[in-house]
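In: Give me coordinates for this.
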Amino acid sequence: MEPVARDAIGLDLVEREVHARTVPSDAHSPSNRALLDGARQLGWRAGAVKINTRGCVRAGTCGLGCRHGARQGAAEVYVPRALRAGARLYTDVRVERVEVVERGGGTHAAPRKRVHATVLDRETGHPVGRLTVEAPVVILAAGAVGTPAILLRSGLGGPAVGRFLRLHPTSAVVGEYDREMYGAAGIPLSAMCDEFVRGERGYGFWIECPPLYPALTSSVVPGFGARHRTAMERFPRLAAMIVLIRDGADTTASSGDVRVDRRGRPIIRYRLGAADRRTLVAGIKATARLQLAAGAREAITLHARDCRVRSEAELGLIDRQRYGPNELALLSAHVNGSCRLGTSARTSACTPDGCVRGVSGVYVADGSLLPTALGVNPQETIMAVATVIARRIAEDHPVRY
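Out: Sure, this is the predicted structure:
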């Protein structure tokens, strides 16, 4: 790899490393094409996105894992690079806690750390041994659920650990068309509509397409018995669009948190705030409108009570639905914010350089650092933040191992 100038570290560097390229116009699946066509009909902002692939064959199995090795994610790009540089990788190991070990050697000597872990049987998941690693620098990247749980079990990070959890609450609107759509075909997410992310609409939302596999569809399409069977028989003519909410409109309040129980297992609590709930309703209505504009004969929400919209005149049906617990299917694939960086110990578990508060040499480098919810899928941002933190750690801790 060519040397990179310090000011070039960021999104551009990550996109080069993971081979991110804009999806060409002839590669959109039927559902993504419907999103683009519907947005054009409505005059909304929408366009192709970048995907991190090399040699993509458009098999459509991205949501299940790429058997062709085309995806250029962390497992394909960063882990092999670390191994080539001398890293040692332990599999089937669960980190329990980090212990700070005070040692002599002068007042300026940084204390070493011990990472205590449990070795698990690959088949059963049962504990079969213990592992302890001692190092001067520890970097936690267990995600926005795993990282705060480790810090809480370790007694590190202060009162903000686990708070300000962000989830990008997501729901779907399924469109039924008179033509075959087959949502499991092609690149699942190749376009997005960001008409409502910015501007006067506040924190807002955006619309994109998920992979629509039969098993996933059957788990989220509402109904039981004959009603559910009828819906699944229409599967080839269905196209799903999801609305993702940029949650946390009240930036000073914590909508959710991660805690641990007496056995150290993580407990997740989350509740939509009033402003985010209003945004969710607006997003579902916009997504239904987009489906209709693309040619869907009806747009079906994920409410427990059947809600089908067949024209713009019926969009008010969505306002009149219930939005309490178990009244609407909500999903999320983006879990961030529970160890966010900042300048206040009351609201941030890490300092602006990613160091866990109160202990030198323990860092966080994952999505839990993000101080607010993003208005976009977070993979690239997380990689860029981790890259910046890694460079700073290398500069601040020039230690020979």
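
In: switch to C-alpha atoms for all contacts and neighbour counts from now on
Out: Fine.

In: which residues touch the residue nearest the centre of the chain?
Out: In the chain, the residue lying closest to the centroid (C-alpha atoms, centre = their mean) is His334, at 2.0 Å. Residues in contact with His334 (C-alpha atoms under 8 Å, 6 or more residues apart in numbering) are Arg166, Leu167, His168, Asn377, Pro378.

In: Closest to Ala249 out of those residues?
Out: Nearest to Ala249 out of the contacts of His334 is Arg166 (C-alpha to C-alpha; 10.6 Å).

In: And the closest residue to that closest one other than its chain neighbours, how close does it get to Gln379?
Out: Leaving aside its sequence neighbours, Arg166 sits nearest to Asn336 (C-alpha to C-alpha, 6 or more residues apart in numbering; 5.1 Å). Counting by C-alpha to C-alpha, to the nearest Å, the gap from Asn336 to Gln379 is 11 Å.

In: still on that earlier bit, just the buried members of the contacts of His334?
Out: Listed as buried from the contacts of His334 are Arg166, Leu167, His168, Pro378; burial here means 16 or more other C-alpha atoms under 10 Å.

In: quick one on the thing from earlier: what about Asn336 and Gln379, which has more around it?
Out: Neighbour count, other C-alpha atoms under 10 Å: between Asn336 and Gln379, Asn336 has more, with 26 against 13.

In: quick check: domain ranges of this structure?
Out: The chain breaks down into these domains under automatic domain parsing: 19-70+167-319, 74-164+335-396.

In: a markdown table for the ones you listed, including mean pLDDT and distance to Ala329?
Out: As requested, those are exported to a markdown table (pLDDT from 0 to 100; distance: least, C-alpha to C-alpha, whole Å):
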| stretch | mean pLDDT | distance to Ala329 |
| --- | --- | --- |
| domain 19-70+167-319 | 92 | 5 |
| domain 74-164+335-396 | 92 | 17 |
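
In: got those as TSV, with distance to Leu13 columns?
Out: Output for the domains of the chain, formatted as TSV (distance: least, C-alpha to C-alpha, whole Å):
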stretch	distance to Leu13
domain 19-70+167-319	10
domain 74-164+335-396	8
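
In: what about the helices in the stretch 101-250 of the chain?
Out: Shown for the stretch 101-250 of the chain, the helices assigned by DSSP state H, counting those that start in this stretch span residues 143-154, 214-220, 225-233.

In: can you list these in TSV and add mean neighbour count and distance to Asp396?
Out: Putting the helices of the stretch 101-250 of the chain into TSV (neighbours: other C-alpha atoms under 10 Å; distance: least, C-alpha to C-alpha, whole Å) gives the following:
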stretch	mean neighbour count	distance to Asp396
helix 143-154	23	22
helix 214-220	14	46
helix 225-233	12	57
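
In: Report the separation between the residue nearest to Gly158 when sequence neighbours are not counted and Val23.
Out: Among residues not flanking Gly158 along the chain, Ala349 sits closest, at 6.3 Å (C-alpha to C-alpha, 6+ apart). Shown here: Ala349 relative to Val23, a distance of 38 Å by C-alpha to C-alpha.

In: Now do the same contact list for Ser171.
Out: Contacts of Ser171 (C-alpha under 8 Å, 6+ apart): Ile242, Val243, Leu244, Ile284, Leu302, Ala329, Leu330, Leu331.

In: neighbours around Arg114, how many?
Out: Arg114: 17 neighbours (other C-alpha under 10 Å).

In: Hmm, it is touching Val95, no?
Out: No. Using C-alpha atoms under 8 Å as the test, Arg114 is too far from Val95 to be in contact (10.8 Å).

In: for the domains of the chain, which one sits closest to Gly10?
Out: domain 74-164+335-396 (4.9 Å).

In: ok, and the most crowded of the contacts of Ser171?
Out: When neighbours are counted by other C-alpha under 10 Å, Leu244 leads the contacts of Ser171 with 30 neighbours.

In: Contact partners for it?
Out: So Leu244 contacts His168, Pro169, Thr170, Ser171, Phe205, Trp206, Ile207, Gly283 (C-alpha under 8 Å, 6+ apart).

In: Columns distance to Ser368 on top of the residues you listed, output as CSV?
Out: Listed next are the contacts of Leu244 as CSV, based on distance: C-alpha to C-alpha, whole Å:
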residue, distance to Ser368
His168, 13
Pro169, 16
Thr170, 19
Ser171, 22
Phe205, 21
Trp206, 21
Ile207, 23
Gly283, 25
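
In: before we move on, the earlier item: distance of the residue nearest to the centre of the chain from Ala274?
Out: 20 Å.

In: For Ala84, what are phi and psi?
Out: Small correction: residue 84 is Arg, not Ala. Per-residue torsions, Arg84: phi -60, psi -30 (degrees, to the nearest 10).
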